[in-house]
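Peer 1: Below is the structure, and that's it, no one-letter string:
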Ligand code: SF4
């Protein structure tokens, strides 16, 4: 019996010829990272052990959640991280002004390569599987363990293969494919499992959209999301100066053992919206029925804060105004995205439309600060979670969508299809 | 080790945002976090519970973010353990790392009613409903987890590994 790509990477990193489902392995980690919320506990772990980090270059510390610091406590948390970075002289640290959301920043800056084993103290670490790495989120203590030892333990997951065939409809991107998929299998549909995305439609998909898909593997309970590297991957890497001989490409065997194979006909998929309060409440936009008025639209986050996302939003917002009493918040995910958007004149379009544009941060995605929702308010968000209270009041309502739907809805003041703005 | 207390029953997909909302994540101080435990699913949770009580829930408990603050908050609030149909995987390993005992049992999760009195024999994985007299068995934990516990958690295990 062959092995699936996730299995192969875990076998390689634990120096074994093969690993089987359920087996627990201790494997070598290629990259371990934490953010301003999760790092203090990881740092504490290393300090208590009284050791050095295992390899400075294989560690990254990213203050992205509350940057620039929103209050005294979060400033203190960042300080713990910054002091540690100074003390251990860790190169991979970005201060406000350089920092972006970890899952957008690391691939963009060429830190993520095929075949790597990546652990991050953030659940959306699964994003990095889009480049053919095995990447999974863990708690701070586990990541502290990796910082100190260079290792982490893994229970080898079964894989589910998702095969996407057909042609994408207009306005349908990675976000719609993944929302549709979660709608189909549910928020625990891939619990403990690896989600392998494949098929013609994935081969056609730009890297940004692949990152969006893998980003939300966790929203189906998945341990990781992964896409086998192909020309799209290689080009993305070479644009970032990542040399071809600096990584190893793993692919699933023909006879790999999958716990399930899910075929998805992409022709059938229209722009998706996930209704409160679970990502699995995904529906095609034409299926929502009633008018859903919104108070806020948010375009950003590690799911949809990349340049292609902002371009689509700008295309729709151009020469349009945000509806009265609606706040549109746009947050580029990284400084490079920010600069590029500025260069392309996208900010002019956003500001003309009446949007707020912020410097890179997680912002309202996790309801920490900037764009908190009041009681009874409704938001459409390009982020990944619409849990109760996620963006503020526990009496607020979050709908998840692509940037195209969010931008169109901001203009209309209610959830609509981008087709209603641009025919 | 044995735990006993009242069951507080919740549904499926209890996520880490309701266990401990992000607005309180500007600290990792356990007693601070405990004050807001389960606040967004049950406003008076912290006031109502007594030391030793347990949370009983459906499938996918602890889904969502990787925040260790979730098991920390539960443990510090005085809850002795969580019984659920299934746990989200990051929460599962975080709970071990944070020393919050968790038990997977579909039968128990289906059967136990709010306010039932429960006793859990942690070593044997046996859950007893003192109100109804029913007994349930929790899924045994993987051998490796037992090794971890024996080594004194991840910290002890790291020490062993680094001294090799
Ligand atoms: S953007 Fe949102 S989901 Fe992504 S890392 Fe930040 S808080 Fe988490």
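Peer 2: Now that the structure is in, tell me what you want to look at. Source: prediction; values computed, not measured.

Peer 1: quick one, helices of chain B?
Peer 2: Under the criterion DSSP state H, helices of chain B are mapped to B:16-19, B:30-34, B:45-48, B:69-76, B:89-98, B:106-111, B:143-150, B:153-163.

Peer 1: Turn these into TSV, columns for distance to residue A:25, mean pLDDT and mean neighbour count.
Peer 2: Where C-beta positions appear, they are placed from N, C-alpha and C, glycine not excepted. Formatted as TSV, the helices of chain B follow (distance: least, C-beta to C-beta, whole Å; pLDDT from 0 to 100; neighbours: other C-beta atoms under 10 Å in any protein chain shown):
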stretch	distance to residue A:25	mean pLDDT	mean neighbour count
helix B:16-19	26	94	27
helix B:30-34	32	94	16
helix B:45-48	38	96	14
helix B:69-76	24	94	26
helix B:89-98	14	88	25
helix B:106-111	28	96	17
helix B:143-150	9	78	14
helix B:153-163	14	90	16
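
Peer 1: other SSEs contacting the longest strand along chain B?
Peer 2: Looking across chain B with DSSP state E, the single longest strand is strand B:2-9. Applying 3 or more C-beta pairs under 8 Å, 6 or more residues apart in numbering or on different chains; DSSP states H and E, we find strand B:2-9 packed against strand B:54-57, strand B:117-121.

Peer 1: Of these, which is nearest residue A:160?
Peer 2: With C-beta to C-beta, the closest approach to residue A:160 among the helices and strands packed on strand B:2-9 belongs to strand B:54-57: 24.5 Å.

Peer 1: what's the closest of the helices and strands packed on strand B:2-9 to the ligand?
Peer 2: Checking the helices and strands packed on strand B:2-9 against the ligand by C-beta to the nearest ligand atom gives strand B:54-57 as the closest, at 23.2 Å.

Peer 1: For that closest one, buried residues please.
Peer 2: B:54, B:55, B:56, B:57 (16 or more other C-beta atoms under 10 Å in any protein chain shown).

Peer 1: Give me the contacts around that strand.
Peer 2: B:3, B:5-12, B:14, B:38, B:61, B:74, B:79-85, B:108-109, B:112, B:118, B:120 (C-beta atoms under 8 Å, 6 or more residues apart in numbering or on different chains).

Peer 1: Make a PyMOL selection of the buried ones in the residues you listed.
Peer 2: Of the contacts of strand B:54-57, the buried ones go into a single PyMOL selection, burial set by 16+ other C-beta under 10 Å:
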select buried, chain B and resi 3+5+6+7+8+9+10+12+14+38+61+74+79+80+81+82+83+84+85+108+109+112+118+120
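
Peer 1: tell me the phi and psi of residue A:293?
Peer 2: phi -70, psi 140 (degrees, to the nearest 10).

Peer 1: Can you name the residues that contact the nearest residue to it once chain neighbours are set aside?
Peer 2: Nearest residue to residue A:293 in three dimensions, chain neighbours excluded: residue A:414, at 4.9 Å (C-beta to C-beta, 6 or more residues apart in numbering or on different chains). Counting by C-beta under 8 Å, 6+ apart, residue A:414 touches A:291, A:292, A:293, A:294, A:323.

Peer 1: was I right about the fourth one contacting residue A:396?
Peer 2: No: under the criterion of C-beta atoms under 8 Å, residue A:294 is not in contact with residue A:396, lying 11.0 Å apart.

Peer 1: Identify the contacts common to these two.
Peer 2: Shared contacts of residue A:294 and residue A:396, defined by C-beta under 8 Å, 6+ apart, comprise A:378, A:379.

Peer 1: got the residues of chain B near chain A?
Peer 2: Proximity of chain B to chain A (C-beta under 8 Å from any C-beta of the partner chain) is limited to residues B:12-13, B:15, B:17-18, B:21-23, B:25-28, B:40-41, B:59-60, B:63-68, B:86, B:88-90, B:93-94, B:97-98, B:142-144, B:154-155, B:157-159, B:161-162.

Peer 1: how does it look with 7 Å?
Peer 2: B:13, B:15, B:17-18, B:21-23, B:25-28, B:40, B:59-60, B:63-66, B:68, B:86, B:88-90, B:93-94, B:97, B:142, B:144, B:154-155, B:158-159, B:161-162 (C-beta under 7 Å from any C-beta of the partner chain).

Peer 1: from those residues, which are also near the ligand?
Peer 2: Near the ligand, taking C-beta under 6 Å from any ligand atom as the test, no member of the residues of chain B next to chain A is found.

Peer 1: Pipe the helices and strands packed on strand B:2-9 into CSV and attach mean pLDDT per row.
Peer 2: Formatted as CSV, these follow (pLDDT from 0 to 100):
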stretch, mean pLDDT
strand B:54-57, 98
strand B:117-121, 96
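
Peer 1: Can you say which of these is nearest to residue A:209?
Peer 2: Across the helices and strands packed on strand B:2-9, closest to residue A:209 is strand B:54-57 (C-beta to C-beta), at 34.6 Å.

Peer 1: Give me the sheet partners of the closest one and which way each runs.
Peer 2: Its sheet considered, strand B:54-57 pairs with strand B:2-9 (parallel), strand B:81-84 (parallel) by DSSP bridges.

Peer 1: Turn the ones you listed into JSON lines, including distance to the ligand and mean pLDDT.
Peer 2: JSON lines is the format used below for the strands paired with strand B:54-57 (distance: least, C-beta to the nearest ligand atom, whole Å; pLDDT from 0 to 100):
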{"stretch": "strand B:2-9", "distance to the ligand": "28", "mean pLDDT": "96"}
{"stretch": "strand B:81-84", "distance to the ligand": "24", "mean pLDDT": "96"}
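
Peer 1: how about JSON lines for the ones you listed, with distance to residue A:8 added?
Peer 2: Shown next, in JSON lines, are these (distance: least, C-beta to C-beta, whole Å):
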{"stretch": "strand B:2-9", "distance to residue A:8": "42"}
{"stretch": "strand B:81-84", "distance to residue A:8": "32"}
